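Q: here you go, sequence then predicted model.
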2 protein chains.
Amino acid sequence: MNKVAVIFGGMSYEHEISIVSAIAMKKVIKKELIFIFIDQYREFYLIPSEKMKSTLFSKGEYQKETKLQISSGGFYRKGLFSNTKIEFDIALNLIHGQDGEDGTLASVFNFFGIDFIGPRTEASVLSFNKYITKMYASSCGVKTIEYEKIDKSNRDIKTISYPMIIKPCRLGSSIGVSIIKDAKELEYALDVAFEFDEDVIVEPFIQGVKEYNLAGTMTNEAIVYSIVEEPQKEEFLDFDKKYLDFARSEQTSSAAIEDSLVQKLRNSFKAIYEPLFIGAIIRCDFFVIDGEVYLNEINPIPGSMANYLFEDFNKLISDIVLPKSKKIKINYEYVNKIKSAKGKL
Amino acid sequence: MNKVAVIFGGMSYEHEISIVSAIAMKKVIKKELIFIFIDQYREFYLIPSEKMKSTLFSKGEYQKETKLQISSGGFYRKGLFSNTKIEFDIALNLIHGQDGEDGTLASVFNFFGIDFIGPRTEASVLSFNKYITKMYASSCGVKTIEYEKIDKSNRDIKTISYPMIIKPCRLGSSIGVSIIKDAKELEYALDVAFEFDEDVIVEPFIQGVKEYNLAGTMTNEAIVYSIVEEPQKEEFLDFDKKYLDFARSEQTSSAAIEDSLVQKLRNSFKAIYEPLFIGAIIRCDFFVIDGEVYLNEINPIPGSMANYLFEDFNKLISDIVLPKSKKIKINYEYVNKIKSAKGKL
């Protein structure tokens, strides 16, 4: 893999985060990069690498760049007489939130036969919605902390007590998330969360809980794990603070924890990752309570691809294994059979 | 809704079933129909209504018809100087199995802003994989019968006893499904199932269990339910027999059951349907054991749209409610903020 197409932007609350992640890739990936931007109207643009600055997008100047069309086999630049295919070895789905992480782009790439790094449709749906993630984790034998799902028509919280954390089910990067200490703050926090999603998940907020992040991907039959990071936190990383995180390109240092805990975290990561997430570089955020590992969330397209957690991110990109997509041959055996059974259709 | 585009075919083991379903729609839907065929290579063709016969496809003659391109807002016919949009009010996703029911087509339609009848991406993923359906049903408070999931690397069945039914997790129409009475038949049945899927689900086969099918869809704030059908069965409907079912266009008669059971079936249907499946006409197949309702499977794109179960299928098509897709406006607030925080990116 020498030529990587970075796909970024998208119709997503995290559109801007994706731009920041994509710019970070310029420093991180030592391969030829093609930048393909999806604007908020879902039009595709080819952005020259030297123009990859955030203002190109915020000022709308990207619209002067070459527009692309997606079609069978890849992206095409329209020509006067024929279309030219944009050549690359693999696409990197770097769209956070809607479009990128909800299965939309995975499906579009799959449909048009474009090889890509990122979660597949099923993996996306199981990790995008925090409520479904709880079900999935439990089916993998990985614990999660207690929770309650509420929706607009039923905002009553029955089992969780204060302090609690309120999250829209289908957003990342802390958008719409609140920590509330008592009932006074509840209604406003719910209004905020329901601005972003029909479904909201409520969990106890555990003061001072230990958090550890671990990323990884499947390469030639074995998972390569990142170092374990203990994210710095003030009480809670809000959107602005997390946002700055997406521009990270320098390696961070390992959490000072025992090998046995590293092993427990890896076991939980593996249970979540395999085989659903094959083809993606994901980061799992865990809580550790009394020595037990709990999944907090799955980031199937982490900020700046969690590059800062890996020793050799470029090798990872080269070695990643993609799942085989199911090619089905149609032989019309049954149309022929039914014709003889039912006569002329 | 006066003009309906029927989308059929797809890269699916049920490609041919989809063709039969589409031909059945000619008799069923009293509206102007546009037929758009997706061939096994995922190319789009506009098929004139009068040519809608199964041999057009089995003989490959469809390739002489007009090729279409999908792009922002719809399907386009290529012209010498410009492309012409194919006009219709709504698309009907009639692709069974892979592509149609696994979330791929839903995502593609969503991405390109095409209104359609059919399950959305999340609904597709939760109903396509029989194992995930079990988790989903349980989260809705709907019972399912006991099961065990196995995969290629671990074919041991620990909790289910004979007779049992073996099903690939991600296929419909009984493809790859076997009922086995004893251990002698096990290995072959597993080999067959693993031909089609990496994951297989095993359930007890309950001789003589009562089966009831119920279809429905959301129209203007209320679900319209079909009649309850008790499917005729010989021991088990195999692919060939079910296949003939997809050509059905005549109304069937209601099962002779008590109103209280109808109500129970409707309650279970509603719990499954709402809000996940809004925009789709689905059929739920239930078992009833000792008066208790168990979900067997969800067909989010049932054969011939289960038209034969509805009193007025045409009204249903006109009245169906579609979910609002989330339009997100990007204002580049954070790119501006981060620029001042971090300097030039």
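A: Looks like it arrived, so ask away.

Q: middle-most residue in chain A, spatially?
A: Central residue of chain A (CA atoms, centre = their mean): A:I301, 2.7 Å from the mean position.

Q: right, and that one touches A:L94 too?
A: Yes - with contact defined as CB atoms under 8 Å, A:I301 and A:L94 form a contacting pair (6.5 Å). The way it works is simple: take the backbone N, C-alpha and C, and place the C-beta from them, glycine included.

Q: give me the phi and psi for the residue nearest to the centre of chain A.
A: phi -140, psi 80 (degrees, to the nearest 10).

Q: indicate the residue of chain A located nearest to chain B.
A: Nearest residue of chain A to chain B (CB to the nearest CB) works out as A:S107 at 3.2 Å.

Q: burial of that residue, as a residue count?
A: When neighbours are counted by other CB atoms under 10 Å in any protein chain shown, A:S107 registers 27.

Q: run through who's touching whichever strand or helix holds it.
A: Using DSSP states H and E, A:S107 sits in helix A:104-112. By CB atoms under 8 Å, 6 or more residues apart in numbering or on different chains, the surrounding residues in contact with helix A:104-112 are A:7, A:10, A:70-74, A:91, A:93, A:95, A:98-99, A:115-116, A:118-121, A:123-124, A:325, B:42, B:99, B:103-108, B:110-111, B:121.

Q: next helix or strand past it?
A: Helices and strands here follow DSSP H and E; after helix A:104-112, the next one along the chain is strand A:116-117.

Q: please see if the helix or strand just after that following strand touches chain B.
A: With elements assigned by DSSP H and E, the helix or strand that comes after strand A:116-117 is helix A:121-128. Yes - using CB under 8 Å from any CB of the partner chain, we find that helix A:121-128 touches chain B at A:T121, A:E122, A:V125, A:L126, A:F128.

Q: the last one and A:G10: what is the separation?
A: Shown here: A:F128 relative to A:G10, a distance of 13 Å by CB to CB, to the nearest Å.

Q: so for those two, which residue has more residues nearby?
A: Counted by other CB under 10 Å, A:F128 and A:G10 do not tie: A:G10 has more neighbours, with 30 against 26.

Q: distance of the nearest residue to A:S72 once chain neighbours are set aside relative to B:I70?
A: The shortest distance from A:S72 to any non-neighbouring residue, by CB to CB, 6 or more residues apart in numbering or on different chains, is to A:F112 (5.7 Å). Using CB to CB, one gets 9 Å for the distance from A:F112 to B:I70.

Q: settle it for me: which of the two has more neighbours?
A: B:I70 (22 against 16).

Q: quickly find the element holding the more buried one.
A: strand B:66-71.

Q: could you export that strand as CSV, CA atoms only?
A: Only the C-alpha atoms of strand B:66-71 are listed here, as CSV (Å, rounded to 0.1, in the frame of the first residue of the first chain):
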residue,chain,number,x,y,z
THR,B,66,-30.6,1.8,-20.5
LYS,B,67,-27.8,1.9,-18.0
LEU,B,68,-28.2,4.4,-15.1
GLN,B,69,-25.8,6.1,-12.8
ILE,B,70,-26.6,6.9,-9.1
SER,B,71,-25.6,10.3,-7.9
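
Q: does anything pack onto the helix or strand that that strand is followed by? Which helices or strands?
A: For strand B:66-71, the following helix or strand on the C-terminal side (DSSP H and E) is strand B:74-77. Packing partners of strand B:74-77 (3 or more CB pairs under 8 Å, 6 or more residues apart in numbering or on different chains; DSSP states H and E): strand B:44-47, strand B:66-71, strand B:84-85.

Q: the last one pairs with which strands?
A: Right, the one you point to is strand B:84-85. strand B:74-77 (antiparallel) (DSSP bridges).

Q: and the contacts of the partner strand?
A: Outside strand B:74-77, the residues touching it (CB under 8 Å, 6+ apart) are B:5, B:36, B:44, B:46, B:66, B:68-70, B:83-86, B:88, B:112-114.

Q: now that we have the residues you listed, which of them are buried?
A: Buried residues within the contacts of strand B:74-77, counting neighbours by 16 or more other CB atoms under 10 Å in any protein chain shown: B:A5, B:I36, B:F44, B:L46, B:L68, B:I70, B:I86, B:F88, B:F112, B:I114.

Q: what two of these have the greatest distance between them?
A: Across those, the longest distance by CB to CB is 16.5 Å; it joins B:L46 and B:F112.

Q: for the record, mean pLDDT for the host helix or strand of A:V293?
A: Element membership of A:V293, judged by DSSP H and E, is strand A:292-299. Averaged across strand A:292-299, the pLDDT comes to 96.

Q: kindly report the same for stretch A:102-115.
A: 96.

Q: list the buried residues for that stretch?
A: A:102-112, A:114-115.

Q: quick revisit: export the strand holding A:V293 as PDB, just CAs?
A: C-alpha atoms of strand A:292-299 as PDB (Å, rounded to 0.1, in the frame of the first residue of the first chain):
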ATOM      1  CA  GLU A 292     -12.500  -5.400  36.700                       C
ATOM      2  CA  VAL A 293     -12.600  -4.100  33.100                       C
ATOM      3  CA  TYR A 294     -15.700  -2.400  31.800                       C
ATOM      4  CA  LEU A 295     -16.100  -1.200  28.200                       C
ATOM      5  CA  ASN A 296     -17.000   2.500  28.100                       C
ATOM      6  CA  GLU A 297     -17.100   3.000  24.400                       C
ATOM      7  CA  ILE A 298     -15.800   1.800  21.000                       C
ATOM      8  CA  ASN A 299     -14.300   4.400  18.700                       C
END
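
Q: in that strand, what's buried?
A: A:V293, A:Y294, A:L295, A:N296, A:E297, A:I298, A:N299.

Q: contacts for the helix or strand following it, please.
A: For strand A:292-299, the following helix or strand on the C-terminal side (DSSP H and E) is helix A:313-319. For helix A:313-319, contacts defined as CB under 8 Å, 6+ apart pick out A:1, A:4, A:28-31, A:92, A:117, A:217, A:219-220, A:224, A:281, A:305, A:307, A:310.

Q: can I have the buried ones of those as a ChimeraX selection?
A: To isolate the buried members of the contacts of helix A:313-319 in ChimeraX, using 16+ other CB under 10 Å:
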select /A:1,4,28,29,92,117,217,224,281,305,307,310
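
Q: filter the contacts of helix A:313-319 down to just the ones in strands.
A: A:V4, A:L92, A:I117, A:T217, A:T219, A:V224 (DSSP state E).

Q: who touches A:G113 in this structure?
A: A:S72, A:G73, A:G74, A:S325, B:R42.

Q: and if we set it to 10 Å?
A: With contact set as CB atoms under 10 Å, 6 or more residues apart in numbering or on different chains, A:G113 has these partners: A:S71, A:S72, A:G73, A:G74, A:S325, A:K327, B:M11, B:Y41, B:R42.
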